[in-house]
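J.: Quick one, structure for this:
(chains A and B)
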Amino acid sequence: MLFHTTHFFLFMAAVLGLFYASPRSWRRVILLAASYYFYMCWNAKLVSLIVALTAIDYAAARWLWEAEGTRRKALLAVSLASNLGFLGFFKYYNFLAGNAALFLGMPAGAFALNIILPMGISFHTFQSMSYVIDVYRRQQAPIVNPVDYALYIAFFPQMVAGPIVRAHDFFRDLYNWKPPAAEEQLRGVLLVVFGLLKKLAIADQFAKIADAYFRNPAASPGWLAAWSGVTAFSIQIYFDFSGYTDMAIGLAQLLGFHFPENFRRPYLSRSITEFWRRWHISLSSWLRDYLYIPLGGNRGGGLRTYRNLMLTMLLGGLWHGASWNFVIWGGLHGGLLAAERAAGVGRERARLSFGPLRVALTFALVTISWVFFRAATLAESTQILGRMFSGPPGKLLWARWHIWFAVLIVILAVAEERWDWTTRLVRAPAWAYAAAIGAFLFCLELIGFTDQPVPFVYFQF
Amino acid sequence: MAVRLGLAVVFLFAFDAAAFRTGWYASILEPNSTAGSLQTTIWVERHRAAAGLNQVLAVGDSRIPLRPRAANALTAETGYTFATIAVWGTTPRCWYYMLREVDPGRNRYAAIIVPFDTYNDRISELISNRDLDIRYLTPLLRLSDLADFSRSFPSWTNRLWAVQSILLKGLSYQRDFQDFLVRHKWRLRAAKITHDHAGEWMDNAEWDTQSLAGMSVDWGTRTLRLPDSLPADKRGFTRDLLLNDPPPREAWFTAYRRLWFGRIVKRYRGTRTRLIFIRLPRGPVVRPGWPEDKESAIREFGARGDAVLTDENYFNELERPELFGDALHMNGPGGDRFSRMLQRLVRQTLGPPEGPRR
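T.: Next comes the predicted model:
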């Protein structure tokens, strides 16, 4: 059940209706049942996996809160091993087995298994782990009601592709639940419509160009073709992922939950450091709090800091997918972050200067790194990179309207950065808000890509 | 909140209406698309400077071999002038809405020719659920058609799509609009050229000269020998159509014909326009023992006097290989002969035109 399908909107309407029509004491059960139904629409059998992980972490957190000394550590280890074990098996087994087979001189598929990657496993295991670690650190009390904890792990708006919600944020909303204020409702609806627009009208339109290019790069020779194909993917992945996130945040807001911001116009960043403060914020802050800082962060001097940065980004890359391409993508970002840190870039306060050139340079670097993210193999990545920097120009793969569309997107993004027009819109007179929503829906009607639903890119992670 | 959402929906409909209900967008549709080709045909007929008691209009799909120029060569003799709004791939459901569009006052024609493959209720294709009809008809559908049109599809998927297309035309025009964004200059130029010249293009259109002359068939052994000159892409199709068993009688088809021809009949009841039902030449050869059902929806219309049901064997002499380009379609010479015969049939059926010719 994808967010941008009629099935989902009927489901959501039913959930909202049931949720608000029921007594408060039933609402958590309704949300949990809806969340499991949502999961089971994808794969009914694998719901047992999420139930098992929930049970393990629920019990581990309660026991380790009471325990002392090595028993606490052992319980933490059991919980982390369970999460990483499940994640490792489902997501990385074939990758490791393939590499092992190659190392032993055997065919790549010698030890391969036919494994289905469970939906959202990378996200809910990270949520579970952060909860158990927070309890271990005594920053979070263990949750007593198993329904509450199960809801935290399976809550359908964010289960599939985040944002990764911290336990204290989620339970703060759950235990002090208030119906969303009028402004929150308006923002929620705006985010859902805006998310749909980002996904269907922008991401899926540029996906057509990117998919055509990456399917057969040789069919579109020249550096202009390569850059236009890869840039189309840059646009696709941002609007796809942030569109999903906007919808998740908006849907949660309509149910009275407040998810953290996950994207803050990352392509307006003036450095890679700033980019990671604006891109997939819930993941980068998770990696900072549960990996980079425990590794020592920047406390051990220059070299250790660079090592920690590289390790964090390499693992962050690997989190996205089981392939060397993702490791290289992470390593590239780690290297750039380290280089910027060495050069003192990214430490100045934001908004001192707009620096369009730096924005363009950062965008170009991020776009180059996306080649590893999108290309099917390492060889294909290097081929495409070669095309981007050599040879004749070839043909621009964008139609003229794509260019105007991109210009409009940049104008809207800069306007949001400077004037926060979405908040102004929420507070605007009723007719202005309604006209804007009407206009967004009209754009969706005309350029929303509806031939067949294109899955969200991050659903595969 | 509810007020704002309600207003947002009103704005959405207003934007859609401003863009797609003024008729401007329909005039610049991609001329070769389904909706565009139908729209061009309608445009040509609406702008044809002719109306009155000697005008005869034919509806139909690609099977009707009417060539108005050939038919009108006999106008001096018969008094009737022929035109056609036949569009390939359309169905009786489309014809009803097309007629409503070209003849809003129900007084433009002396007669309307409605062609049939067969007077029997036999068919092999489920045309009642044909989603292509929605694409064809989007420019012609009105809000008042919402219930009638959408209910005429048996499947809920197509009903929903029909409702969407009537309420929000932009949804149906989505692909066309995206094409317009890419090729707007070309499209505007094409629309102008099409409007200026489509009438003469239709009049002077070259017809297929391919002929099945030389074909032979042995019904006993079900073997068919086709002329070598027949292109490969037509051979399989021709063979399948000619050698297949007759399609079954379908109750849904009877209901479908009663519904859509019934609407056409109702539309012209009490007017001076006569509906003339004709059975087209069936093919280059006709399988012996082809069933003839005594009762059918079309025969009911004829029996009730709602339409003139012409002799179904009237065009049998045209069922010859040399007059067909493939199993279904007559070629140029076949079309010429059919058109002349139709002109005479109309004159024979209606007599001389009433009143002054205009």
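
J.: CA atoms for contacts and neighbours, from now on please.
T.: OK.

J.: In the stretch 1-150 of chain A, which residue sits nearest chain B?
T.: A:Thr6 (11.5 Å; C-alpha to the nearest C-alpha).

J.: how far away is whichever residue of the stretch 51-200 of chain B sits closest to chain A from A:Ala201?
T.: Taking C-alpha to the nearest C-alpha, chain A has its nearest neighbour within the stretch 51-200 of chain B at B:Gln174, 5.0 Å off. According to C-alpha to C-alpha, to the nearest Å, B:Gln174 stands 11 Å off from A:Ala201.

J.: cool, and B:Trp290?
T.: Taking C-alpha to C-alpha, one finds B:Trp290 at 54 Å from A:Ala201.

J.: and these two? which has more neighbours close in?
T.: A:Ala201 (23 against 9; other C-alpha atoms under 10 Å in any protein chain shown).

J.: show me where the stretch 51-200 of chain B has strands.
T.: B:55-58, B:81-84, B:111-116 (DSSP state E, counting those that start in this stretch).

J.: Can you say which of the ones you listed is nearest to A:Ala430?
T.: strand B:81-84 (51.6 Å; C-alpha to C-alpha).

J.: mind listing what's buried in that closest one?
T.: Buried positions in strand B:81-84, judged by neighbour count with 16 or more other C-alpha atoms under 10 Å in any protein chain shown: B:Thr81, B:Phe82, B:Ala83, B:Thr84.

J.: returning to what we had before: and the residue of the stretch 1-150 of chain A closest to chain B, how many neighbours?
T.: 11.

J.: Show me what from the stretch 251-400 of chain A comes close to chain B.
T.: Listed as neighbours of chain B in the stretch 251-400 of chain A under the rule C-alpha under 8 Å from any C-alpha of the partner chain: A:Ala399, A:Arg400.

J.: any idea where the strands of the stretch 251-400 of chain A begin and end?
T.: Under DSSP E, counting those that start in this stretch, the stretch 251-400 of chain A gives no strands.

J.: Give the full set of residues in contact with the residue in it positioned nearest to chain B.
T.: Among the residues of the stretch 251-400 of chain A, A:Ala399 lies nearest to chain B; the distance is 6.0 Å by C-alpha to the nearest C-alpha. Residues counted as contacts of A:Ala399 (C-alpha atoms under 8 Å, 6 or more residues apart in numbering or on different chains) are B:Val182.

J.: Can you check the pLDDT for it?
T.: Listed pLDDT for A:Ala399 reads 86.

J.: that older thread, now for B:Gln174 and A:Ala201: what residues contact both?
T.: Applying C-alpha under 8 Å, 6+ apart, one finds that B:Gln174 and A:Ala201 are jointly contacted by A:Ile447.

J.: how deep is residue 165 tucked in, by neighbour count?
T.: If you meant another chain, say so; for now it's chain A. A:Val165, neighbours per other C-alpha under 10 Å, totals 25.

J.: Actually, chain B is the one I wanted.
T.: Quick note: B:Ser165 (other C-alpha under 10 Å) scores 24 neighbours.

J.: Contacts only, for it.
T.: By C-alpha under 8 Å, 6+ apart, the neighbours of B:Ser165 are B:Ile134, B:Thr138, B:Leu171, B:Ser172.

J.: Distance check, it against B:Ser216.
T.: 47 Å.

J.: And A:Phe239, by the same measure?
T.: Taking C-alpha to C-alpha, one finds A:Phe239 at 62 Å from B:Ser216.

J.: rewinding a little: tell me how far the residue of the stretch 251-400 of chain A closest to chain B lies from A:Ile409.
T.: Distance of A:Ala399 to A:Ile409, given as C-alpha to C-alpha: 16 Å.

J.: Neighbours of the residue of the stretch 201-350 of chain A found nearest chain B, how many?
T.: Nearest to chain B in the stretch 201-350 of chain A, going by C-alpha to the nearest C-alpha, is A:Gln205, at a distance of 10.0 Å. For A:Gln205, the tally of surrounding residues (other C-alpha under 10 Å) stands at 20.

J.: One more: A:Gly344?
T.: Applying other C-alpha under 10 Å, we find 10 residues neighbouring A:Gly344.

J.: Please apply the same query to B:Phe237.
T.: B:Phe237: 13 neighbours (other C-alpha under 10 Å).

J.: next one: the one 5 residues further on
T.: B:Leu242 has 21 neighbours, counted by other C-alpha under 10 Å.

J.: pLDDT score assigned to it?
T.: 83.

J.: That one touches B:Ala327, doesn't it?
T.: Yes: using C-alpha atoms under 8 Å, B:Leu242 is in contact with B:Ala327, at 6.6 Å.

J.: roughly how far apart are B:Ala303 and chain A?
T.: 47 Å (C-alpha to the nearest C-alpha, to the nearest Å).

J.: ok, and the closest non-adjacent residue to the residue positioned nearest the centre of chain B?
T.: Centroid check for chain B by C-alpha atoms, centre = their mean gives B:Gly60 as the closest residue, at 2.7 Å. Once flanking residues are discounted, B:Gly60 sits nearest to B:Ala86: 4.3 Å by C-alpha to C-alpha, 6 or more residues apart in numbering or on different chains.

J.: I appreciate the help and will end here.
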